[in-house]
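S.K.: Kindly return the folded structure for what I paste below:
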Amino acid sequence: MIKTYTTKRAIIDLMIVKEQVAKIYADNNKYKDFLEFIFAKDYLDDNDLKLPTIKEMSKVTGLTSNKVTKLVKELYKDFLEKDFDFSKVEIIYFLSYFEKHIQVKFTKVAYIPRIGEQIDMSFVNAELGTGMFYVYKVEHTFESDVQRIYITLKPGIYSSYFKFKKEKAYAEGEISIDEYYLDDFDLKRKLNLFR
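M.R.: Purely as a prediction, here's the structure:
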């Protein structure tokens, strides 16, 4: 059974992609007062601000609490049926080698690497002590009008056999979630893969 979402969660979701919402509903008078109110302050990034309550929104918009709730749900449902524009892209690479960690940010690349592919970033060799990595993990987030792609690189050469052994060990309870994220060398030692 799918649980229905809360009004509060719908408002948070709309705030996460504020630029998208503002662009789509720029000329829509029905939602104007409500959107101006929820976007007037940075409720998501300012820890001193609490998310406004339905009662507070009701007071500002002049609508009853029930009508505010209905308006939010209607807006949220309508918004999810629109076309989004996440034309800004940031690609953030997380690289580490032993105890050294850096992140490198790109705003444009011709190709997004996939898990297991080899990456030569020789320009980080002086800082980290290596430039040879493989793609360990790729994650995407969508916020405001930006798609962020987080790519975690690990030093060395990708091994599908090691990945299989690691996944199997975790699935069978041989290693914990903390051990799952050990660096490859330590995890290979724990799994007795050095012979």
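S.K.: got a pLDDT number for Lys3?
M.R.: Looking at Lys3, its pLDDT reads 59.
S.K.: mind checking how far the closest residue to Tyr150 other than its chain neighbours is from Ile11?
M.R.: Distance criterion C-beta to C-beta, 6 or more residues apart in numbering; nearest residue to Tyr150, sequence neighbours excluded, is Glu139 at 4.4 Å. (Glycine included, C-beta is placed from N, CA and C.) Glu139 sits 25 Å away from Ile11, taking C-beta to C-beta, to the nearest Å as the criterion.
S.K.: Can I get the lengthiest strand in the chain in CSV, CA atoms only?
M.R.: The residue-count maximum for a strand in the chain (DSSP state E) belongs to strand 132-143. Output of strand 132-143 as CSV, limited to C-alpha atoms (Å, rounded to 0.1, in the frame of the first residue of the first chain):
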residue,chain,number,x,y,z
MET,A,132,44.9,6.2,-12.0
PHE,A,133,41.4,5.5,-10.7
TYR,A,134,38.3,3.6,-11.5
VAL,A,135,34.7,4.7,-11.1
TYR,A,136,33.3,3.2,-7.9
LYS,A,137,30.0,5.0,-7.6
VAL,A,138,27.9,7.5,-9.6
GLU,A,139,25.1,9.5,-8.0
HIS,A,140,22.8,12.2,-9.3
THR,A,141,20.8,14.9,-7.5
PHE,A,142,18.5,17.6,-8.8
GLU,A,143,18.2,20.8,-6.8
